[in-house]
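1. fold the following and give me the result.
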Amino acid sequence: MKKGNNIKSILGLTQEEVATLLGISRSQWSMYEVGQRDLPKAAKIKLVELLSSAKKVKSNSKTVAKIIATEKKETIQELEKSLHILTHQIQLVEQKITVATKIREQSFAALQFINELKHSDTYNDTDLVLSTIQNRVDKQLKKYSEKYLTQLLLKKETLHYQYMSLTEKLKSL
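-> As a prediction, this is how the structure comes out:
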């Protein structure tokens with residue numbers, strides 16, 4: 001088993017591919033890997049040739065370095081794009097938080113005002129108006145509830161953690 005793992009890590013080929021290159025069946029190669037069978041002489045010679053060419057390729061691998069550099073560049077570009085998107089999402093959530101907070105403050109102020117008017121002798125004919133205002137305020141407080149505001153704050157925090165994680169990943173590349 002150890003032979004096979006070493007050869008596979010050197011060549012990067014499957015059992016089927018190695019067997020085909022050596023001119024033997026996959027089962028012959030599999031049995032050789034686990035030490036149950038020896039290879040035919042011609043296959044041994046081909047294996048030595050494959051391994052020596054693999055060592056030359058590994059020591060002279062500009063292609064691999066180029067692929068890795070390209071992948072790294074693409075990864076950086078993708079992470080930067082994700083950071084840009086996250087920045088925009090954070091701004092949108094912050095705007096929603098600001099709007100929700102402001103509407104909640106205005107709604108609470110309206111509730112206090114309604115309460116004052118209800119207890120005032122000055123405005124007796126305002127029951128319908130006060131009821132309309134009360135309904136509007138109730139709808140706003142239902143829509144922009146504490147639960148909604150908490151969800152927005154959690155979303156902002158989650159986006160912020162994602163942003164920090166991506167920033168750290170970019171620094172490490």
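
2. show me the shaky parts of the chain.
-> Judged against pLDDT under 70, the low-scoring parts of the chain cover residues 1-5, 56-60, 122-126.

3. break down this protein into its helices, ranges please.
-> In order along the chain, the chain carries the following helices (DSSP state H): 2-11, 15-22, 26-33, 41-59, 62-118, 127-143, 146-172.

4. I'd like the distance from the longest one to the chain centre, please.
-> Its chain's average C-alpha position is 16 Å from that of helix 62-118, according to CA atoms, centre = their mean, to the nearest Å.

5. now the second one
-> The chain centroid and the centroid of helix 15-22 are separated by 38 Å under CA atoms, centre = their mean.

6. check the fourth one too.
-> Per CA atoms, centre = their mean, the displacement of helix 41-59 from the mean C-alpha position of its chain is 41 Å.

7. quick revisit: okay, the helices of the chain in TSV with mean neighbour count next?
-> Quick note: C-beta positions are derived from backbone N, CA and C, even for glycine. TSV is the format used below for the helices of the chain (neighbours: other CB atoms under 10 Å):
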stretch	mean neighbour count
helix 2-11	13
helix 15-22	17
helix 26-33	18
helix 41-59	13
helix 62-118	13
helix 127-143	13
helix 146-172	13
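
8. any figure for the gap between Q28 and A43?
-> The spacing between Q28 and A43, counted by CB to CB, to the nearest Å, is 8 Å.

9. what do you get for V34?
-> V34 sits 16 Å away from A43, going by CB to CB.

10. E33 too?
-> Taking CB to CB as the criterion, E33 is separated from A43 by 13 Å.

11. repeat that for D121.
-> According to CB to CB, D121 and A43 sit 108 Å apart.

12. what do you get for K142?
-> The span separating K142 from A43 equals 78 Å under the rule CB to CB.

13. and for A19?
-> A19 sits at a distance of 9 Å from A43 (criterion: CB to CB).

14. what's the overlap in contacts for the two?
-> Common contact partners of A19 and A43 (CB atoms under 8 Å, 6 or more residues apart in numbering): Q28.

15. how about the spatially most central residue of the chain, what does it touch?
-> Centrality entry for the chain: nearest residue to the mean C-alpha point is Q162, 8.0 Å, by CA atoms, centre = their mean. Applying CB under 8 Å, 6+ apart to Q162 gives the contacts L86.

16. report the contact partners of the closest residue to V18 other than its chain neighbours.
-> By the measure of CB to CB, 6 or more residues apart in numbering, the closest residue to V18 outside its immediate chain neighbours is W29, 5.6 Å from it. Contact analysis of W29 by CB under 8 Å, 6+ apart lists Q15, V18, A19, L22.
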